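Q: attaching a predicted model along with its sequence, questions to come.
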Amino acid sequence: MVTFSFFVYSVLAIFLLLVGITFHNSSKSFAPFVPCSRRELPRIFEAIQLKEGEVFYDLGSGDGRVVFYAGEHFPVKAIGIEMSFLFFLYSWIKKLFVSESQGIIFKMKNLFFEDLSQADAIYVYGMPKVLEKRLRFKLEKELKKGARVIAYGFPIKGLTPEKVHQPNRKGEKPIHIYRF
Ligand SMILES: C[S@@+](CC[C@H](N)C(=O)[O-])C[C@H]1O[C@@H](n2cnc3c(N)ncnc32)[C@H](O)[C@@H]1O
C-alpha cells in the first residue's frame, strides 16, 4: 500500500513538474501560451492563402491548432515548432488520431534555431518586442524571396506590411501580412 501511494505521489509530482517547466519555458524568449481562438482560423487562413506543395510554419505552435488546421485543409507541409515539452507531447499524441496527418510535422525546438530558408509561409503569434528585436532579423536573414509572414495579433515593427486585415467584430485581432 505504501508502495502504491509512493507511486501515485511520484507520478503526480512528475506531472506537476512538467506543467511547471512547460509554463516556465513557454513564457521564455518568444511568447507565453495564449492560443488564437479557433473561430479565427478560417480568417487567418484566408489571409495566408496557402498553395499546393507549400511549406508552412507555425513558430511557437502551442497545442498545434494552427498546424492541424493547415494540414487538414490544405495540401501543404505544415510544421509546428514548439519549445515546451507538454504542448509538443499533446500535439504529437493528437496527430496519432488525425486522419489527414501526412503533411503535419511537430518539432520540439527553440524556434530561433530552426532554419527557415525552405519556408513559403510563416505564421507567428508572438510578443511585439521579440517580433521586432529578434525574430525580424532572423526572417530578414533566412527567408527566400516571395516568402510571406502572417503576424497574428501584433505587427512586426520595422517591416512594412503588404496588407493588414483589421478586426471586424469582437474577438477578432489584426492580421499583418509581410512579403519578403
Ligand atoms: C502565443 S502562443 C501561440 C500558440 C499558437 N501558435 C496559436 O496561435 O494558437 C506562443 C507559443 O510559443 C511557444 N514558445 C515561446 N517561445 C518559444 C521558442 N523560443 N521556441 C519555440 N516555441 C516557443 C510557447 O510555448 C507558446 O506555446
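A: Right, received. Where do you want to start? Numbering: from 1, shown residues only.

Q: count of residues packed around the residue in the chain positioned nearest to the ligand?
A: Taking CB to the nearest ligand atom as the measure, the chain has G60 as its residue closest to the ligand, at 2.3 Å. Where C-beta positions appear, they are placed from N, C-alpha and C, glycine not excepted. A count of nearby residues for G60, using other CB atoms under 10 Å, gives 27.

Q: need the contact list for it.
A: F30, A31, I81, E82, M83, L111, V124, Y125, G126 (CB atoms under 8 Å, 6 or more residues apart in numbering).

Q: so for it, what's the nearest residue that isn't a sequence neighbour?
A: In space, and not counting its chain neighbours, G60 is closest to F30: 5.0 Å by CB to CB, 6 or more residues apart in numbering.

Q: M127 is in contact with the one you found, correct?
A: Yes. Between F30 and M127 there is a contact under CB atoms under 8 Å: 6.8 Å.

Q: what comes up buried for the helix or strand encompassing D58?
A: Element membership for D58 (DSSP states H and E) is strand 55-59. For strand 55-59, the neighbour count (16 or more other CB atoms under 10 Å) marks V55, F56, Y57, D58, L59 as buried.

Q: residues from the protein in reach of the ligand?
A: Proximity of the chain to the ligand, by CB under 6 Å from any ligand atom, involves residues 26, 28-31, 33-36, 58, 60-62, 65-66, 81-84, 87, 110-112, 125.

Q: what do you get if the cut-off is 5 Å, keeping everything else the same?
A: Within reach of the ligand by CB under 5 Å from any ligand atom, the chain has these residues: 26, 29-31, 33-36, 58, 60, 62, 82-84, 110-111, 125.

Q: just the buried residues from those, in ChimeraX please.
A: To isolate the buried ones among the residues of the chain next to the ligand in ChimeraX, judged by 16+ other CB under 10 Å, type:
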select :26,30,31,33,36,58,60,62,82,83,84,111,125
